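**Student:** Kindly return the folded structure for what I paste below:
(one chain, ligands or ions: 1)
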Amino acid sequence: MGEIHKARTTQRWFKVRDYVRERDQHLCQLCVRNLYHTLQRYTFNNTQVHHVIPMKEDEDRNLWYNSENLLLVCKYHHDMCERGEVPREEQLEIVREQEYKYSNY
Ligand SMILES: [Zn+2]
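**Tutor:** Prediction:
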């Protein structure tokens, strides 16, 4: 099993993944902002926790379990992010907004 795959089976990952799901209210954060060809605004189904800076690019692994690098998106928008069709800076801006909102909730 590869390191990246293995990392997604750890308690540490489950913990941060659950935090991000809650922080992002279980909604795709691109759909809810009506960005990038959103078809429906409130997308609860098929959501996935996405690494803005991909795990394979982060060799020292500081961002693997860092919620400031994680965003909840639907499958459709996840694929789009992975193809580089959503600028990373824009994704990180949404993450910052979500962290801020959640810390003041
Ligand atoms: Zn979406």
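**Student:** who's the most centrally placed residue in the chain bridged to?
**Tutor:** In the chain, the centroid-proximal residue (Cα atoms, centre = their mean) is residue 71; its distance is 2.0 Å. Judged by DSSP bridges, the bridge partners of residue 71 are residue 50.
**Student:** So it is in contact with residue 49, correct?
**Tutor:** Yes - judged on Cβ atoms under 8 Å, residue 71 makes contact with residue 49 at a distance of 7.4 Å. Using the backbone N, CA and C atoms, a C-beta is placed for each residue, glycine as well.
**Student:** Give me the common contacts of the two.
**Tutor:** In terms of Cβ atoms under 8 Å, 6 or more residues apart in numbering, residue 71 and residue 49 are both contacted by the residues residue 20.
**Student:** sorry, back to before: enumerate every residue touching the residue nearest to the centre of the chain.
**Tutor:** Residue 71 makes contact with 20, 24, 29, 49, 50, 52, 91, 94, 95, 98 under the criterion Cβ under 8 Å, 6+ apart.
**Student:** and with 10 Å instead?
**Tutor:** Contacts for residue 71 were tallied using Cβ atoms under 10 Å, 6 or more residues apart in numbering; they are 20, 23-24, 28-30, 48-52, 77-78, 81, 86, 91-92, 94-95, 98.
**Student:** Which of these are buried? Put it as a ChimeraX command.
**Tutor:** The buried subset of the contacts of residue 71, as determined by 16 or more other Cβ atoms under 10 Å, is captured in ChimeraX by this line:
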select :20,23,24,28,29,30,48,49,50,51,52,77,78,81,86,91,94,95,98
